[in-house]
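Participant: here is my input; please provide its structure:
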Amino acid sequence: MTAAPLRIGNASGFYGDRFDAVREMLTDGPLDVLTGDYLAELTMLILGRSRLKDPARGYATTFLQQLEEGLGLAHERGVKIVANAGGLNPAALAAAVAELARKVGVPVRVAHVEGDSLPVPDGFLTANAYLGGHGITACLRAGADVVVTGRVTDAALVTGPAAAHFGWGPDDHDALAGAVVAGHVLECGTQATGGNYSFFRGHDIRRPGFPLAEIHADGSSVITKHDGTGGFVDVGTVTAQLLYETGGARYAGPDVTARLDTVRLAQEGPDRVRISGVRGEAPPPTLKVGLTRLGGWRNEVVFVLTGLDIEAKAQLVQDQFAQALTRSRTGPPDEVRWELARTDRADADTEETAAALLRLVVRDQDPETVGRPFSGAAIELALGSYPGFHVTAPPGKGAPYGVFEARYVPAEDVEHVAVGPDGRRERVAPPVRTAALEEADEPALPEPLPAGLTQLTPLGRIAGARSGDKGGDANIGVWVRTDDAWRWLAHELTVERFQELLPETAELTVVRHVLPNLRALNFVVHGLLGEGVAAQARFDPQAKAVGEWLRSRHLPVPVTLLETTDAPEAHA
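Facilitator: So this is what the prediction gives:
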């Protein structure tokens, strides 16, 4: 007899996501498993600083608050809960959940996964390996109702329960790869149901419902959401999320390497997208390790420049500030960065639309250098600088900034342990079959679209995009909705054209990956984000809007494509 599909929903895409989502996912429709993804590169730094203040903490306290109501609801409905909210201290969170269960009178069995926390090198705050889902699998097979983990891959929250339900083993690569793809779609919550979606117009996404996946025994799945909830699920929303924070065709993880170039999407019905055909390969022999450290101290001030002579006003304040910092007792900071955003309009009918913003960011290893000398220099200019001088907010004391780094260690060097509800510890063996990660062969491009009339228009008229961060690198996934549009995009949006459209990337290394099944190109821009999101080196430190910037850029688009921009989405 074929096992029934496993319905796995997600109620958190990051630490700070919609608080009511746990209750909504448990009450708005049937589920078997509810997951929550609370961890990101920046979150580990935040939790590391929290643990410095209180060694008993280091986990996502919001999750515990959500369970005050969620535990009882899950128990009544027979729903398992799996979350990585344990952060840097999964054992402490598991104990807190068990205590909460006793307090509210809900008989649940709590387990947790350990082993991701590694010895912290000198100068760093945290060091955590990205574990796979087999520890979660062991906890569920031991009878756990709630499983909390530390740093596991986001997709592990789905592969673990799926393997426990269907009995998959470590060598069931295709099934595991299918679950990894489903997990990647779910991990960012409402980004799969219309949130942060290029083609949002015409849809009600004021309060999108959170997504769920119906996982089948072969690893195929249907991405959907509870009936009656907001937002929508279509091939485009799923494509966008598949491209988010990925790179080439091989998507490597600790359990399996999923081949994104084998993914096939099909609209099965309203708010239902089927994922099938996913192939898997043996995982690499190493695990990624994320390390965070305090990088130094930073401060910033934003000057408002209004009306005429914007460039001259900006140059004046830069010259004045340079002199003031040179005269200060600490000297100039190690790094001084100016950015002028020309948000002003000529002959504007409001003061705000007549204004441009000049942003100054400073960094230094010494907090004093970016503290009072810096803020004092800004304030002292108030009555003796450009006409109309004011700032968006008074500069304050300097603040610490963080840095994320990735390293790799042999998988057998990491002690992956499942701690069952009864306290029994089970070591999770590393994979026996592994394969060194290599770039997949570049696929053949489709036949070019025949030459014809073009119109200078934004790329976004026909293409969607989603962008994000991985450490200091940014990825920008671009996709189209018709075969003809793909024939044009695959040949038109080369690396050279990409760098021409986004001049900030011109001096950086840009790698293009081609994914024909998704009608998509994925660009990885190395070094765009400096030392990563925690360093706040850029106006958009997580590259969230780089894709929308790309879509706004004008290039010659075939008129025949513009005439079919409203064609329905369909993938073979």
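Participant: OK, contacts around the nearest residue to residue 552 once chain neighbours are set aside?
Facilitator: Closest residue to residue 552 in three dimensions, ignoring its sequence neighbours and counting by Cβ to Cβ, 6 or more residues apart in numbering: residue 458, at 5.4 Å. Bear in mind the C-beta positions are built from the backbone N, C-alpha and C, glycine included. Counting by Cβ atoms under 8 Å, 6 or more residues apart in numbering, residue 458 touches 551-554.
Participant: let me know the pLDDT of residue 458.
Facilitator: pLDDT for residue 458: 97.
Participant: quick revisit: hmm, which two among the contacts of residue 458 are most spread apart?
Facilitator: Farthest pair in the contacts of residue 458 (Cβ to Cβ) is 551 and 554. Separation: 10.5 Å.
Participant: neighbour count winner among those two?
Facilitator: residue 551 (20 against 13; other Cβ atoms under 10 Å).
Participant: which residues touch that one?
Facilitator: 198, 458-460, 463-465.
Participant: cool, and residue 426?
Facilitator: 138, 142, 417-420.
Participant: looking at this, it is in a strand?
Facilitator: Yes: looking at residue 426 with DSSP: H, G, I helix; E, B strand; the rest coil, it is inside a strand.
Participant: start at 29, not 1
Facilitator: Okay, using 29 as the starting number, the last item reads as residue 454.
Participant: now it: how far from residue 163?
Facilitator: 8 Å (Cβ to Cβ, to the nearest Å).
Participant: so what sits against both of those two?
Facilitator: The contact lists of residue 454 and residue 163 share 445-446, where a contact means Cβ under 8 Å, 6+ apart.
Participant: which neighbours do residue 579 and residue 582 share?
Facilitator: By Cβ under 8 Å, 6+ apart, the residues touching both residue 579 and residue 582 are 486-487.
Participant: gap between stretch 92-105 and the chain center?
Facilitator: Relative to its chain's centre, stretch 92-105 lies at 26 Å (Cα atoms, centre = their mean, to the nearest Å).
Participant: what does it rub up against?
Facilitator: 39, 47, 50-51, 54-55, 58-59, 62, 64, 107-109, 113, 121, 124-125, 128-129, 132, 134-136, 173-174.
Participant: quick check: the farthest pair among the contacts of residue 454?
Facilitator: 170 and 445 (12.2 Å).
Participant: low-confidence stretches in the chain?
Facilitator: Filtered on pLDDT under 70, the chain yields the residue ranges 29-30, 561-565, 593-600.
Participant: residue furthest from the geometric center of it?
Facilitator: Note on the chain: the largest C-alpha distance from the chain mean falls to residue 412, namely 44.2 Å (Cα atoms, centre = their mean).
Participant: now it. Nearest residue, chain neighbours left out?
Facilitator: Using Cβ to Cβ, 6+ apart, the closest residue to residue 412 is residue 348 (7.9 Å).
Participant: pull the number of nearby residues for that neighbour.
Facilitator: 16.
Participant: just residue 568 next, same as before
Facilitator: Going by other Cβ under 10 Å, the residues that sit close to residue 568 add up to 16.
Participant: who are the contact partners of it?
Facilitator: Contacts of residue 568 (Cβ under 8 Å, 6+ apart): residue 574.
Participant: could you measure from it over to residue 504?
Facilitator: 12 Å.
Participant: what sits up against stretch 125-140?
Facilitator: Here stretch 125-140 has contacts from 92, 95-96, 99-100, 102-103, 114, 118-119, 121-122, 167-168, 170-177, 446-449, using Cβ under 8 Å, 6+ apart.
Participant: for residue 576, grab phi and psi.
Facilitator: phi -70, psi -30 (degrees, to the nearest 10).
Participant: in space, what's closest to it - neighbours in sequence excluded?
Facilitator: residue 493 (6.6 Å).
Participant: repeat for residue 588
Facilitator: Among residues not flanking residue 588 along the chain, residue 480 sits closest, at 6.2 Å (Cβ to Cβ, 6+ apart).
Participant: equivalent analysis for residue 426, please.
Facilitator: residue 398 (3.8 Å).
Participant: and if you look at residue 346?
Facilitator: Nearest one to residue 346, counting by Cβ to Cβ, 6+ apart, is residue 366 at 5.8 Å.
Participant: next SSE downstream of whichever strand or helix holds the one you found?
Facilitator: Using DSSP states H and E, the element containing residue 366 is strand 363-369. Next along the chain after strand 363-369, taking DSSP H and E as the criterion, comes strand 383-392.
Participant: next one: that next one to chain centre, how far?
Facilitator: 26 Å.
Participant: for stretch 305-324, same thing?
Facilitator: 14 Å.
Participant: how long is that stretch end to end?
Facilitator: Length of stretch 305-324, first residue to last, Cα to Cα, to the nearest Å: 47 Å.
Participant: again with stretch 372-385
Facilitator: Length of stretch 372-385, first residue to last, Cα to Cα: 8 Å.
Participant: in that stretch, what counts as buried?
Facilitator: 372, 382-385 (16 or more other Cβ atoms under 10 Å).
Participant: does anything pack onto the longest strand seen in the chain? Which helices or strands?
Facilitator: In the chain, with assignment by DSSP state E, the single longest strand is strand 314-334. Applying 3 or more Cβ pairs under 8 Å, 6 or more residues apart in numbering; DSSP states H and E, we find strand 314-334 packed against helix 69-81, strand 154-157, helix 338-355, strand 383-392, helix 400-408, strand 418-419, strand 427-438.
Participant: can I have the buried ones of the contacts of residue 579 as a PyMOL selection?
Facilitator: Only the buried entries of the contacts of residue 579 go into this PyMOL selection, using 16+ other Cβ under 10 Å:
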select buried, resi 226+487+488+491+492+493
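Participant: list just the nearest of the contacts of residue 579 to residue 78.
Facilitator: Among the contacts of residue 579, and counting by Cβ to Cβ, the member closest to residue 78 is residue 493, at 34.6 Å.
Participant: residue 311 and residue 284 touch, don't they?
Facilitator: Yes: contact criterion Cβ atoms under 8 Å: residue 311 and residue 284 qualify, at 5.4 Å.
Participant: neighbour count winner among these two?
Facilitator: Taking neighbours as other Cβ under 10 Å, residue 311 and residue 284 compare with residue 284 leading, 31 against 25.
Participant: hmm, that one is touching residue 199, no?
Facilitator: No: in this structure, residue 284 is not within contact of residue 199 by Cβ under 8 Å, at 9.4 Å.
Participant: list the contacts of residue 239.
Facilitator: Contacts of residue 239 by Cβ under 8 Å, 6+ apart are 37-38, 213-214, 217-218, 220-221, 251-253, 261.
Participant: looking at those residues, which are in helices?
Facilitator: 213-214 (DSSP state H).
Participant: max pairwise distance over the contacts of residue 239: which two?
Facilitator: The widest separation within the contacts of residue 239 (Cβ to Cβ) is 14.2 Å, between 217 and 252.
Participant: so residue 550 belongs to a strand, correct?
Facilitator: Yes: assigned with three-state DSSP, residue 550 falls within a strand.
Participant: residues touching it, list them.
Facilitator: Per Cβ under 8 Å, 6+ apart, neighbours of residue 550: 271, 274-276, 503-506, 540-541, 543.
Participant: secondary structure added to these, as JSON lines?
Facilitator: Shown next, in JSON lines, are the contacts of residue 550 (three-state DSSP):
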{"residue": "271", "secondary structure": "helix"}
{"residue": "274", "secondary structure": "coil"}
{"residue": "275", "secondary structure": "coil"}
{"residue": "276", "secondary structure": "coil"}
{"residue": "503", "secondary structure": "strand"}
{"residue": "504", "secondary structure": "strand"}
{"residue": "505", "secondary structure": "strand"}
{"residue": "506", "secondary structure": "strand"}
{"residue": "540", "secondary structure": "strand"}
{"residue": "541", "secondary structure": "strand"}
{"residue": "543", "secondary structure": "strand"}
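Participant: quick one: which of the residues you listed has the most company?
Facilitator: Highest count within those by other Cβ under 10 Å belongs to residue 271, 29 neighbours.
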